[in-house]
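**Q** okay, here's the prediction I keep looking at, along with the sequence it came from:
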Amino acid sequence: MKSSSSGVLLLTRREVAALLPPEAALAAVGEAFHLHAAGRTLPPGVLSIPAMDGGFHLKAAGLRAARNYFAVKCNANFPLNPQRHGLPRIQGLVPLAEATNGQPLAVLDSMEITALRTAAATALAAKHLARPGSRCLFLAGCGLQGRSHLRALAGGLIGREDVRDELACLVARRIRGHRARDEIVIFDSTGIALEDVAAAVAVYEAALRKLGARRINFAA
C-alpha cells in the first residue's frame, strides 16, 4: 500500500493522550486480541539490555488487518533519574511501520501508550472474568498506572457491551470466563507487545484524520 502522504508522523505524549481516550484504547486492544485469537498477528519479540544504573526493554509485535502494521516499543528504565538528572524514571518511543513493505509511518512517545494499553487489557480481563453482578472495585496502587486503570475499569465495566476476547481466546469467547460464583480468578496484567502495536495504530489512524500533524522524511 502506498502512503498518501510522505514522511513520518511525529507524535508527542500530549498528542497521544488527546488522540487515544481510554474508550478508544479499550476498543483497539480488544480488537487486537480478536486478531490474535484468529491467528492474524505477527510473532512478538522481547529484548532486554542492561546498562549503567538502568536498562532498555524492547517489545515488538504486528497486526494483520485491513492494513498490516508493525511496532516496537523501546523503553529506558533508569530508577535514579529523578534524583540525579531530574528526568522521568521511564522514557521511550514507539516506531510504527507498514508491515507489508516496511515503510516507517510514525514515531510516538511511549509513556501514554504504556499506561493506556495496560489499563485497557486489565479492563478487558475484568469485564470477562469478574463475578456477575460485581459492583465493588479494590484498586491497590497509585500514580499514572493507578489513574489509568481506574478510568479504564470504569469504562470497561459500565455499559461496555461491545468489547470482544490466553485473554485473546476469552475476548473471542472461545473459552468461558467466570464459571462459578465462588471461583477466584487471578489475571496477570503485565503488558505485552500486542497491546503496544494496537494502541500505536489507533493513535496513528486518529492522527491521519487530523490536520497539521508534523512529518519528517528520514530518507531525505
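**A** Sure, I can see it. Numbering: from 1, shown residues only.
**Q** please make it C-alpha for all contacts and neighbour counts, starting now.
**A** Fine.
**Q** Ala200 and Leu93 touch, don't they?
**A** No: in this structure Ala200 lies outside contact range of Leu93 using CA atoms under 8 Å: 10.5 Å.
**Q** so between the two, which is more surrounded?
**A** Ranked by neighbour count (other CA atoms under 10 Å), Ala200 and Leu93 place Ala200 first, with 31 against 20.
**Q** thinking again about what came up before, spit out the residues that contact Ala200 and Leu93 alike.
**A** Leu108 (CA atoms under 8 Å, 6 or more residues apart in numbering).
**Q** burial count for Ala38?
**A** 12.
**Q** contacting residues for it?
**A** Residues near Ala38 by CA under 8 Å, 6+ apart: none.
**Q** next one: phi and psi at it?
**A** phi -90, psi 0 (degrees, to the nearest 10).
**Q** same deal with the one 3 residues further on?
**A** The phi/psi pair for Thr41 (degrees, to the nearest 10) reads phi -130, psi 160.
**Q** that one is in contact with His34, isn't it?
**A** No: Thr41 is beyond contact range of His34, at 9.7 Å (criterion: CA under 8 Å).
**Q** for Ile49, give its distance to Arg89.
**A** 16 Å (CA to CA, to the nearest Å).
**Q** what's the burial count for the closest residue to Leu35 other than its chain neighbours?
**A** Nearest residue to Leu35, sequence neighbours excluded (CA to CA, 6 or more residues apart in numbering): Thr41, at 6.3 Å. Counted with other CA under 10 Å, the neighbours of Thr41 add up to 21.
**Q** list the contacts for Thr41?
**A** Taking CA under 8 Å, 6+ apart, one finds 35, 61-64 in contact with Thr41.
**Q** got it, and Arg117?
**A** 25-26, 29, 191, 195-196, 199 are the contacts of Arg117 under CA under 8 Å, 6+ apart.
**Q** can I get the residues you listed in JSON lines including neighbour count and secondary structure?
**A** Shown next, in JSON lines, are the contacts of Arg117 (neighbours: other CA atoms under 10 Å; DSSP: H, G, I helix; E, B strand; the rest coil):
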{"residue": "Ala25", "neighbour count": "26", "secondary structure": "helix"}
{"residue": "Leu26", "neighbour count": "30", "secondary structure": "helix"}
{"residue": "Val29", "neighbour count": "29", "secondary structure": "helix"}
{"residue": "Gly191", "neighbour count": "17", "secondary structure": "coil"}
{"residue": "Glu195", "neighbour count": "28", "secondary structure": "helix"}
{"residue": "Asp196", "neighbour count": "30", "secondary structure": "helix"}
{"residue": "Ala199", "neighbour count": "29", "secondary structure": "helix"}
